[in-house]
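Visitor: sequence unavailable; structure follows:
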């Protein structure tokens, strides 16, 4: 059974998740195989697969390294299932790259609890967030999590509050240099995204609508118990778990604010929700309840994925 398999952290689990990612990635890509005749597009698709794989395993690293769950692979498996539920992400280059950068930022912000080299971690996280904004502008509001982390851990040193601004100027300089080299088209993408839209009538088919409804239900199922469980967590880990909640809420805000939105913008919520889901599954004492919930989510995700091919 699925819950029993991913209840452990074994090499075979990583192999299964990696194979699943490759399988579903290419199943969706071959819905339109025009890219196979262009070797540059083939290289691009291969590169995006590597970034997606890096994102999946980065979720596992964040979870395990910071003791956000027990020694299992639920978080990375759920992250993969969410990708399957919203396959349009697999062809959205900007979202894949932007989300990967935000995961790098989240990794640094969660590890800030150790208070080892906090200034470097604040700078790194800020730098990755502003870099993510180059690919999807509204990722920039993730910078709120940097200031929340400063409040939690290192607010007394005023220099920590200035570091995000230094990172901003660093990314801005690199961005404008790239624009001068590449031409005005380099700036057009970000400029076009600097607008707010609350239009949610973007669905191309009914299955995308159903997928959003299912995902919303899963979010409620995982998030509500997680929020109420934080006070029972070890004191030294409570700030990290609160950051996961804030990360999820910011991910929702990015989706809500973005113009020309589609379901792939929900990718910013996947990592925190997967971590919440891992905690939820761990909390279930009844093995059959755990198995049924996980199996049901997987079956629905695969059905909706197949319906969109």
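Guide: Ah, there it is. Keep in mind it's a predicted model, so treat the numbers as computed, not measured. Numbers count the residues shown, from 1 in each chain.

Visitor: for the rest of this, base every contact and every neighbour count on C-alpha atoms.
Guide: Will do.

Visitor: my guess is residue 259 contacts residue 196, does it?
Guide: Yes - judged on CA atoms under 8 Å, residue 259 makes contact with residue 196 at a distance of 5.5 Å.

Visitor: ok, the two, which is more surrounded?
Guide: Neighbour count, other CA atoms under 10 Å: between residue 259 and residue 196, residue 259 has more, with 19 against 13.

Visitor: can you tell me the closest non-neighbouring residue to that one?
Guide: residue 197 (4.6 Å; CA to CA, 6 or more residues apart in numbering).

Visitor: tell me the contacts of that neighbour?
Guide: 256-261 (CA atoms under 8 Å, 6 or more residues apart in numbering).

Visitor: from residue 262, how far off is it?
Guide: 11 Å (CA to CA, to the nearest Å).

Visitor: give the residues shared as contacts by the two.
Guide: Contacts common to residue 197 and residue 262, judged by CA under 8 Å, 6+ apart, are absent.

Visitor: quick check: residue 81 touching residue 301?
Guide: Yes - counting by CA under 8 Å, residue 301 is a contact partner of residue 81 at 6.6 Å.

Visitor: can you spell out which helices and strands pack onto the lengthiest helix in the chain?
Guide: With secondary structure taken from DSSP state H, the chain has its longest helix at helix 39-65. On a contact count with 3 or more CA pairs under 8 Å, 6 or more residues apart in numbering; DSSP states H and E, helix 39-65 meets helix 11-29, helix 74-85, helix 93-110.

Visitor: now do the contacts for residue 49.
Guide: Per CA under 8 Å, 6+ apart, neighbours of residue 49: 22, 25.

Visitor: repeat that for 10 Å
Guide: Residues near residue 49 by CA atoms under 10 Å, 6 or more residues apart in numbering: 21-22, 25-26, 43, 55, 90-91, 96.

Visitor: now flag whichever of those is closest to residue 159.
Guide: residue 55 (31.1 Å; CA to CA).

Visitor: now that closest one, nearest residue through space, not along the chain?
Guide: residue 100 (5.7 Å).

Visitor: list the buried ones in the longest helix of the chain?
Guide: Residues of helix 39-65 classed as buried: 45, 48-49, 51-53, 55-60, 62-64 (neighbour count, 16 or more other CA atoms under 10 Å).

Visitor: what angle separates it from helix 11-29?
Guide: Interaxial angle, helix 39-65 versus helix 11-29 (axes from the mean of the first three to the mean of the last three CA atoms, to 10 degrees): 140 degrees.

Visitor: thinking again about what came up before, mind giving me the PyMOL command for buried ones among the contacts of residue 49?
Guide: Buried residues within these, by 16+ other CA under 10 Å, are selected in PyMOL with:
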select buried, resi 21+25+55+90+91+96
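
Visitor: that older thread, hey, what's in contact with both of residue 81 and residue 301?
Guide: Shared contacts of residue 81 and residue 301, counting by CA under 10 Å, 6+ apart, come down to residue 87.

Visitor: looking at this protein, which helix or strand is least sure?
Guide: Ranked by mean pLDDT, DSSP states H and E, the weakest helix or strand in the chain is helix 185-193, scoring a mean of 66.

Visitor: after it, next one along is what?
Guide: helix 206-229 (DSSP states H and E).

Visitor: show me what that next one is packed against.
Guide: If contacts are counted by 3 or more CA pairs under 10 Å, 6 or more residues apart in numbering; DSSP states H and E, helix 206-229 sits against helix 74-85, helix 235-257, helix 270-283, helix 287-307.

Visitor: now with 7 Å?
Guide: If you count contacts as 3 or more CA pairs under 7 Å, 6 or more residues apart in numbering; DSSP states H and E, helix 206-229 packs onto helix 270-283, helix 287-307.

Visitor: what are the buried residues along it?
Guide: 207-208, 211-212, 215, 219, 222-223, 226.

Visitor: give me the buried entries from the contacts of residue 197.
Guide: 256-259, 261.
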